[in-house]
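> build the 3D model from these lines:
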Amino acid sequence: MADNITRVPGIKAGHFTDQNALTGCTVILTPPAGAVAGVDLRGGAPGTRELGLLGSDMMVERVHGIYLGGGSAWGLDAAGGVMDFLAEKNIGYRTGGGLVPIVLGAIIYDLEVGERAWPDRNMARRACENAEKGFQIEGSIGAGTGATVGKAAGPKMMMKAGCGSSAVSLPGGGVLGGIAIVNGLGEIRDPETGEIIAGIWDGEKFLKTRDMFLAAEEKASFGSNTMLGVIATDCFLTPAQATRVAKMAHDGLARTVYPAHTMSDGDIIFVLSTGEKKANINTLGMLAAEVMAESIVRGVKKAEKAGGIIAYGDISPGK
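Have a look, this model is predicted:
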C-alpha cells in the first residue's frame, strides 16, 4: 500500500522533471467527478491560479486538478497543459460552450537554481500522463527539482530539498494523505526532536536562521521561496470545512519550517475532499498537520544533491 497521497482513493500524483534546467512541475489529479476544495494562504509572496473560485459562496463547487510548478510566475501558464489533458478525458465543469476543467495552481521560486527556466504546457501534460502511470512520488523531482531551504545566509550555504509525501488511515476507515514541495526560506526541523535536518550549512554545522534575521539590517532581502502543500482525504468536507482543515494543516508546516509564513515565502496549502465517509473535523485537521509535517521532513530526507547544492544525505550519510 502506498505511503503517500495516492493512498487516497481516486487521487493521482505525477511529476515532470527537467534535471538539466533544475525545474519541473507536479500535478495532483482528482477523480473524474472532481473534489471539493479549500485553501489557506499565509506567505507574503504567493504565485497562484484560480484561488478566487474557492469558497462556500462561489458557483463552481468542485475542482479537477492542482498544478504545482517551478519558475515563479512564469510557471503558472503551464497549468493549461493540465486543462488540455483533462479536456481530452472529457473531465471538467460543464458549460453551454463545452467542458472547462477547473485546475488550481501555485508556484515556487527556483529561478536562481540551475538555468533560468520554467515548466511549459507540454511538461504539465506529461506530468498528468505520469500520474496515470503511477511513477515515483518523492525526491528532487517535479516542482521540487529546484527546491532549496536555508537561504538567510545566501545561496552558498543553502541546502537541497524536494518533494515529500505521506498518508495515514483514519479511525472511521477513511484515508488522509499529503504532499509537500519544500522550498522555504527557513531551516527544516524534525518536529519530534527539534533538531535541524536541513538549512544553513557552513560546511561543519548548521547556523540558525533566527540569528541571521536578528543580525540583518532592516532592509535586508532573503530572496524568494515558497512552501506548497496539498492534503487529500476520502472523507466528506464542505468547502468551508476543507478550508478549516487547510488552516490546521499549516500548523504542521510551522512545526517543521522555521521561520514560516515570511514575507519572502508564498506558503499555501490546498485541501481536497473526494468521498462521502464521515470524520470529525478536528481529527482531520490534527492529522493533516501531522501528515504535512511528515511530508516536509520526507521532502528533505528524499532530496538529492544537484547544481552543486548539498542535500541531507551528504551530511547525514546512512540516515
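
> touching, Gly139 and Gly162? I think so.
Yes. At 5.3 Å, Gly139 counts as touching Gly162 under the criterion of C-beta atoms under 8 Å. In short, each C-beta sits where N, CA and C put it, glycine included.

> and for those two, which residues touch both?
Common contacts of Gly139 and Gly162 (C-beta atoms under 8 Å, 6 or more residues apart in numbering): Lys302, Ala303, Glu304.

> residue boundaries of the helices in the stretch 151-300 of the chain?
Applying DSSP state H, counting those that start in this stretch to the stretch 151-300 of the chain gives helices spanning 209-215, 239-256, 281-301.

> flag every buried residue along the second one.
Judged by neighbour count using 16 or more other C-beta atoms under 10 Å, the buried positions of helix 239-256 are 239, 241-256.

> now for it, which elements pack on it?
In terms of contacts (3 or more C-beta pairs under 8 Å, 6 or more residues apart in numbering; DSSP states H and E), helix 239-256 is packed against strand 36-41, strand 187-189, strand 228-235, strand 268-277, helix 281-301.

> save the ones you listed as a markdown table, and put in mean pLDDT and distance to Gly144 too.
Listed next are the helices and strands packed on helix 239-256 as a markdown table, based on pLDDT from 0 to 100; distance: least, C-beta to C-beta, whole Å:
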| stretch | mean pLDDT | distance to Gly144 |
| --- | --- | --- |
| strand 36-41 | 96 | 19 |
| strand 187-189 | 97 | 13 |
| strand 228-235 | 98 | 9 |
| strand 268-277 | 96 | 15 |
| helix 281-301 | 98 | 6 |
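
> pick the most buried one from those.
strand 228-235 (a mean of 29; mean count of other C-beta atoms under 10 Å).

> now Asp190: how far from Ile11?
With distances taken as C-beta to C-beta, to the nearest Å, Asp190 is found 27 Å from Ile11.

> looking at the two, which is more packed in?
Using other C-beta atoms under 10 Å as the criterion, Asp190 and Ile11 rank with Ile11 on top: 25 against 16.

> which is the next helix or strand following whichever strand or helix holds Asn130?
Applying DSSP states H and E as the criterion places Asn130 in helix 121-133. Downstream of helix 121-133, the first helix or strand assigned by DSSP H and E is strand 148-149.

> strand partners of that following strand, parallel vs antiparallel please.
strand 159-160 (antiparallel) (DSSP bridges).

> mind listing residues that contact the strand it pairs with?
So strand 159-160 is contacted by 140, 147-150, 198-199, 201, 300, 303-307, 309-312 (C-beta under 8 Å, 6+ apart).

> one more pass at 10 Å, please.
22, 113, 140, 144-151, 182, 187-188, 197-201, 206, 300, 303-315 (C-beta atoms under 10 Å, 6 or more residues apart in numbering).

> of these, keep whichever come out buried.
Taking 16+ other C-beta under 10 Å as the criterion, what is buried in the contacts of strand 159-160 is 22, 113, 140, 144-151, 182, 187-188, 197-201, 206, 300, 303, 306-307, 309-313, 315.

> looking at Gly139 and Gly162, which has the bigger crowd around it?
Gly162 (32 against 20).

> so which of the helices of the stretch 151-300 of the chain gets nearest Val27?
The closest of the helices of the stretch 151-300 of the chain to Val27 is helix 281-301. By C-beta to C-beta, the value is 16.4 Å.

> now the helix or strand following the closest one: average pLDDT?
Following helix 281-301 in sequence order, the next helix or strand is helix 312-315 (DSSP H and E). In this model, helix 312-315 has a mean pLDDT of 95.

> for helix 312-315, which helices and strands make contact with it?
Judged by 3 or more C-beta pairs under 10 Å, 6 or more residues apart in numbering; DSSP states H and E, the packing partners of helix 312-315 are strand 159-160, strand 196-198, helix 281-301.

> got a list of contacts for the second one?
Taking C-beta under 10 Å, 6+ apart as the criterion, the residues outside strand 196-198 that touch it are 148-150, 158-161, 182, 184, 186-190, 205-209, 256, 258, 296-297, 299-301, 303, 310-312, 315-316, 319.

> so where is the stretch 151-300 of the chain shaky, pLDDT-wise?
217-223 (pLDDT under 70).
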